[in-house]
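**Student:** Provide a 3D model corresponding to the input given below.
(one chain, ligands or ions: 1)
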Amino acid sequence: MSRCCPSNQSDKSEQSSCCGGAKGRTVLLYACSGGANVGEVSDKAARELMFAGCGTMFCLAGLGGDIDGMVQTARDADVNVVIDGCPMDCAKKTFDRHGIRDYRQIKVTDLGIEKVKGVRCTDEQVARTVARCREVIAGKGGGTREAGVDPSRALYQLRPLPGG
Ligand code: SF4
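**Tutor:** Alright, predicted model coming up:
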């Protein structure tokens, strides 16, 4: 796994290189984690970004399940990065249903990756999605900006989060 940002908060001075231009922002990563290959891409991309220190993966199912504390966590985040596998937009619609508008969406099929059932995704597809997510988090274009958040302010902040 490539590593672009340190996971140690004492090294925050180094974080501006790829995942954002400001310190102390909370970036949460939500993947649709659907059953098709593009859902697997979304899931693996979110995890790779988390372990590279670009954000904290959080449970989309918690929002779908109307878990109050988890919905509030999404509301409180500086940036929510929503990774959907396909135009069904399941993760985006989950945010919309809760009236949470300050997210940026990446859609895996928009990256030239075909949705196919019953096959595994490839490392290249995950890498392509991770690269686009990094651009979005760093405010370098891409994604669908819904409202409210200047993505150039986005940077991860590791902190305890309720429920996963
Ligand atoms: S966005 Fe597409 S891939 Fe993701 S869960 Fe929904 S239908 Fe499945």
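
**Student:** Can you name the residues of the protein sitting close to the ligand?
**Tutor:** Within the chain, the residues that sit near the ligand (C-beta under 6 Å from any ligand atom) are 32, 34, 36, 38-39, 84-86, 88-90. Just so you know, the C-beta spots here come from the backbone N, C-alpha and C atoms, and that holds for glycine as well.

**Student:** Out of the residues you listed, flag the one nearest to residue 125.
**Tutor:** Among the residues of the chain next to the ligand, residue 38 lies closest to residue 125 (C-beta to C-beta), at 8.1 Å.

**Student:** got the buried residues for the host helix or strand of residue 75?
**Tutor:** Following DSSP states H and E, one finds residue 75 within helix 68-76. Residues 70-71, 73-74 are the ones in helix 68-76 that count as buried (16 or more other C-beta atoms under 10 Å).

**Student:** Take the residues of the chain next to the ligand and keep only those in helices.
**Tutor:** Of the residues of the chain next to the ligand, the ones assigned to helices by DSSP state H are 38-39, 90.

**Student:** helix, strand or coil for residue 106?
**Tutor:** strand (DSSP: H, G, I helix; E, B strand; the rest coil).

**Student:** neighbours of it, just the number please.
**Tutor:** 26 (other C-beta atoms under 10 Å).
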